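# Just need the structure, nothing else, for what follows:
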Amino acid sequence: MEKILITGGTGFVGRYIVREALKKGYETHLIIRNPSKAQKIFFDERLRLYQLNDFTNKIELLKIISHIKPDYVIHLIGIIQQIKSKGITFEKVHYEYSKTLYEVLKQIPPKKVVHMSALGVEENAPSKYHKTKLMAEKELQNTGIPYVIIRPSFILGPEQLLFAKIKPIIKKTPLFIFPEIKGYKFQPIDVRDVAESFIRAMEVGDNNIIFELCGDENVTIGEIVHDFVNSFGKKVILIPLPMFILRIFASEQYKMMWRHNICEDKKGVYPVQKLIGRKPIPYRESIRWSSFSNL
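Coordinates of the predicted model:
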């Protein structure tokens, strides 16, 4: 039985990847901060859990990975917003954690690493979010270990943070304030497709490649909110956050929306269809599933 080591396995995307790995019969190992959280999420005795409070602790990380000797590693740890007061920054979480992991893996190399990046990662991207994602990609590419890098657009699913924030608000008021740059488009992808993509990326013979994951529709964040709320019979009045406030108080989020978050034809970058062998789950179906699961 082949062994998978997954970081970030209790997160929104991670829990679906863990379940997909277990369903496929892989021996699945998680490095986590909170074992009790993992036990509550999965209720699966087959999971092997390893607690690590500081992911930059190379000595402890080496001990864990030396014990597991994984065939494959799936690295998912990431954040969408910094909490500088707690030392949670893009540079630390995206770059330093990845750098530590990949330096350790050079000593005990797996067959392949599948790395979670983000759509919009480019050399000229203005946000620290995208810059640190790119820095992490380069750390992996420089190890010499076979890899697949996955860059998803906006991910849809019941645990999507945006949906979790909307629910309690619309129970009290139909008004919802949100940061939307007029005309800025996403191409949302279902979390179930993302999970399948990560496992398939391990299994495909091709290495050292990048996949961009996008769904079948281009929509704004306002349209996503409208469609989510409407799908379970509610109405919402969207109040766009004034642009100057977004620039001042959420400057990183503003910079992240530097170009449309959609898939484009690029040399050396492949679409989700090539990975999972079918068209992605339709946007409308994914929205209905996400909202139904949130009732």
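
# quick one: the helices in this protein?
With helices called from DSSP state H, the chain shows them at 12-23, 35-42, 58-68, 90, 97-105, 128-141, 161-170, 191-203, 221-230, 243-249, 251-256, 272-276, 283-292.

# mean pLDDT for these: which is lowest?
Comparing mean pLDDT across those, the weakest is helix 243-249, with a mean of 70.

# so what does it touch, helix or strand wise?
Helix 243-249 is packed against helix 251-256, with contacts defined by 3 or more CB pairs under 8 Å, 6 or more residues apart in numbering; DSSP states H and E. Every residue, glycine included, has its C-beta placed from N, CA and C.

# Take the helices of the chain and lay them out in a markdown table including distance to Leu5 and mean neighbour count.
Converted to a markdown table, the helices of the chain look like this (distance: least, CB to CB, whole Å; neighbours: other CB atoms under 10 Å):
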| stretch | distance to Leu5 | mean neighbour count |
| --- | --- | --- |
| helix 12-23 | 10 | 21 |
| helix 35-42 | 14 | 14 |
| helix 58-68 | 6 | 16 |
| helix 90 | 23 | 23 |
| helix 97-105 | 9 | 21 |
| helix 128-141 | 14 | 21 |
| helix 161-170 | 25 | 15 |
| helix 191-203 | 11 | 21 |
| helix 221-230 | 33 | 20 |
| helix 243-249 | 38 | 12 |
| helix 251-256 | 29 | 17 |
| helix 272-276 | 21 | 19 |
| helix 283-292 | 29 | 19 |
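
# Distance to Gly183 for those - can I get that in CSV?
Shown next, in CSV, are the helices of the chain (distance: least, CB to CB, whole Å):
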stretch, distance to Gly183
helix 12-23, 27
helix 35-42, 38
helix 58-68, 43
helix 90, 26
helix 97-105, 33
helix 128-141, 20
helix 161-170, 19
helix 191-203, 26
helix 221-230, 10
helix 243-249, 13
helix 251-256, 14
helix 272-276, 24
helix 283-292, 18
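
# how about those, which one is nearest Lys266?
For those, the distance to Lys266 is smallest for helix 272-276, at 13.1 Å, taking CB to CB.

# Identify the residues contacting that closest one?
189, 193, 196-197, 200-201, 204, 211-214, 279-280 (CB atoms under 8 Å, 6 or more residues apart in numbering).

# what does stretch 23-32 give?
By CB under 8 Å, 6+ apart, stretch 23-32 touches 1-7, 9-10, 18, 21-22, 38, 46-52, 55, 61, 64, 68, 70, 72, 199.

# Among the residues you listed, name the ones in strands.
Among the contacts of stretch 23-32, the members falling in strands (DSSP state E) are Lys3, Ile4, Leu5, Ile6, Thr7, Arg48, Leu49, Tyr50, Gln51, Tyr72.

# so which of those comes closest to Gly78?
Scanning these for proximity to Gly78, where the rule is CB to CB, the winner is Thr7, at 9.8 Å.

# For that closest one, name its beta-bridge partners.
Legend: beta-bridge partners of Thr7 under DSSP bridges are Ile31, His75.

# going forward can the numbers begin at 10, since that is how I track them
Understood, numbering begins at 10; the last thing we discussed is Thr16.

# who's in contact with it?
Applying CB under 8 Å, 6+ apart, we find Thr16 in contact with Leu39, Ile40, Phe64, Val82, Ile83, His84, Leu85, Ile86, Tyr106, Leu110.

# just Asn62 next, same as before
Contact analysis of Asn62 by CB under 8 Å, 6+ apart lists Arg42.

# Angles on the backbone of it, please.
In terms of degrees, to the nearest 10, the main-chain angles of Asn62 are phi -80, psi -30.

# Spatially nearest residue to Lys101, not counting backbone neighbours?
Distance criterion CB to CB, 6 or more residues apart in numbering; nearest residue to Lys101, sequence neighbours excluded, is Thr65 at 7.6 Å.

# what's the neighbour count on the one you found?
For Thr65, the number of neighbouring residues by other CB atoms under 10 Å comes to 13.

# Settle this for me: it is touching Glu105, isn't it.
Yes: the pair Thr65 and Glu105 passes the contact test of CB atoms under 8 Å, sitting 5.5 Å apart.

# wait, isn't Arg225 in contact with Arg287?
Actually, residue 225 is Asp. It isn't Arg. No: counting by CB under 8 Å, Arg287 is not a contact partner of Asp225; they are 11.7 Å apart.

# Can you pick out the residue with more neighbours from the two?
Each of Asp225 and Arg287 had its neighbours counted (other CB under 10 Å), and the higher figure belongs to Asp225 (15 against 10).
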